[in-house]
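Asks: Build the 3D model from these lines:
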Amino acid sequence: MSALTFTIEQTEATARAGKITTDHGEILTPIFMPVGTVGSVKAVTQQQLYNDVKAQIILGNTYHLYLRPGIEVLEAAGGLHQFNGWHKPILTDSGGYQVFSLAANRKITEEGVLFQSHIDGSRHLFTPEKVMDIERSIGADIIMAFDECPPYPSEYAYAKKSMELTHNWLQRCVNRLAETPDKYGYTQNLFPIVQGSTYKDLRKESCAFISNINATGNAIGGLSVGEPIEMMYEYTALCCEYLPEQKPRYLMGVGTPWDIVECIAHGIDMFDCVMPTRNGRNGMLFTTQGVINIKNKKWATDFSPIDKDLPSDISNYYSKAYLRHLFVSNEILALQLASLQNLSFYLWLVAEARKQILNNHFTTWKNDIIPILKQRL
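Replies: Now for the predicted structure:
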């Protein structure tokens, strides 16, 4: 058992290529992490994540896994790795974002968050201590601190109070982890979360507080919650400037392919988002040539591969016409193939960004590829 380590292998301006080492294996950065909210990346098997998507780490969600299947089941299984058969690294969100998104069914106090289950209406209290205990039981390699994610826009006074609450909760998370052992025979690493809404002084203050915790990695939260895209880029860059250079930086909940490329340029190492799977299930494909709405009639007789330039068996085996047929016929296979296309593309994209950084060609590549990624086909 050893704590997470991070090595920076190459930089180009503020973009970095590195390697994170955990007890469940290595993660080459920059990296995209498929979201497996309830222990499953929707419509995709673990074998497909290994072999087709080439995923290196996936996410689970504390709020959802706590409600179903429940901590007793996960502990009896030996943790989430054993329960779902994913034996590479796992990261768990703390449930803070679900608290944000369930605004109508929760109450925030200094102690924690009282919320109603979206499943049966039962009431539950999440404190920083309880969340750390739950994340220990789930057994992820990287566990996120419990935070409050303020909405956009937020008044300054609210954003400041929310940030201070997040900092207080973080210290309680740190204390709780110090009191409790790792479970299942491997190390669980805490990542604090920077907050502060869209106020530069608050973001700087939060970065300083988080840096002083000296965790093995750090996350940036509270962005991609409705603010203008340029503002998201600005605050991502600001946080990267003030967070420790030698620790991995995780930008939570981002985003489109072009957002990811832009934020890699600012110094982000880790990303997650439901977009590739959620949009895929609705017929939006991200490809090496641009964005496709596969439901459009224009694809009905296009027998070319879904994405001939993507090194993926799925993308090269099936045609656009066939995938469109599956969607208009409401075939379940459509959801799986579209999800696989998008996840494979996202993992290819970050691997390509890494290659370009290592070859010192990232900036030129970024400027060339972003207009291609954004075009609608």
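Asks: next SSE after the helix or strand of the chain with the lowest mean pLDDT?
Replies: Ranked by mean pLDDT, DSSP states H and E, the weakest helix or strand in the chain is helix 96-101, scoring a mean of 69. Sequence-wise, the next helix or strand downstream of helix 96-101 (DSSP states H and E) is strand 106-108.
Asks: buried stuff in the helix or strand just after that next one?
Replies: Moving toward the C-terminus from strand 106-108, the next helix or strand (DSSP H and E) is strand 113-116. Buried residues in strand 113-116, counting neighbours by 16 or more other C-beta atoms under 10 Å, are found at Val113, Leu114, Phe115. Where C-beta positions appear, they are placed from N, C-alpha and C, glycine not excepted.
Asks: I'd like the mean pLDDT over the very next helix or strand once past strand 113-116, please.
Replies: Counting by DSSP H and E, the next helix or strand C-terminal to strand 113-116 is strand 123-126. Predicted confidence along strand 123-126 averages 92 (mean pLDDT).
Asks: Distance from strand 123-126 to the middle of the chain?
Replies: With C-alpha atoms, centre = their mean, to the nearest Å as the basis, strand 123-126 stands 24 Å off its chain's centre.
Asks: Quick one: list the elements packing against that strand.
Replies: strand 113-116 (3 or more C-beta pairs under 8 Å, 6 or more residues apart in numbering; DSSP states H and E).
Asks: other SSEs contacting the strand it packs on?
Replies: Short answer (3+ C-beta pairs under 8 Å, 6+ apart): strand 113-116 packs on strand 106-108, strand 123-126.
Asks: out of those, nearest to Gln10?
Replies: Gln10 sits nearest to strand 123-126 of all those, at 40.0 Å, using C-beta to C-beta.
Asks: Can you say which helix or strand has Ala219 in it?
Replies: Using DSSP H and E, Ala219 maps to strand 218-220.
Asks: so for that strand, what's the average pLDDT?
Replies: 98.
Asks: So what touches that strand?
Replies: 144, 191-194, 210-211, 235-236, 239, 243-244, 247-252, 268 (C-beta atoms under 8 Å, 6 or more residues apart in numbering).
Asks: dump the residue contacts of Thr187.
Replies: In this structure, Thr187 makes contact with Met1, Ser2, Ala3, Leu4, Thr22, Asp23, Asp141, judged by C-beta under 8 Å, 6+ apart.
Asks: What pLDDT does the model give it?
Replies: 97.
Asks: May I have the phi/psi pair for it?
Replies: Reported as degrees, to the nearest 10, the phi and psi values for Thr187 are phi -80, psi 140.
Asks: What's the separation between it and Thr22?
Replies: 7 Å (C-beta to C-beta, to the nearest Å).
Asks: joint contacts of those two?
Replies: Leu4, Asp141.
Asks: any residues touching the host helix or strand of Glu205, and which ones?
Replies: If you go by DSSP H and E, Glu205 is part of helix 200-213. Here helix 200-213 makes contact (C-beta under 8 Å, 6+ apart) with 156, 159-160, 163, 166-167, 170, 174, 192-196, 218, 235, 238-239, 242-244.
Asks: Buried ones in that helix, by neighbour count?
Replies: Leu202, Arg203, Lys204, Glu205, Ser206, Cys207, Phe209, Ile210, Ser211, Ile213.
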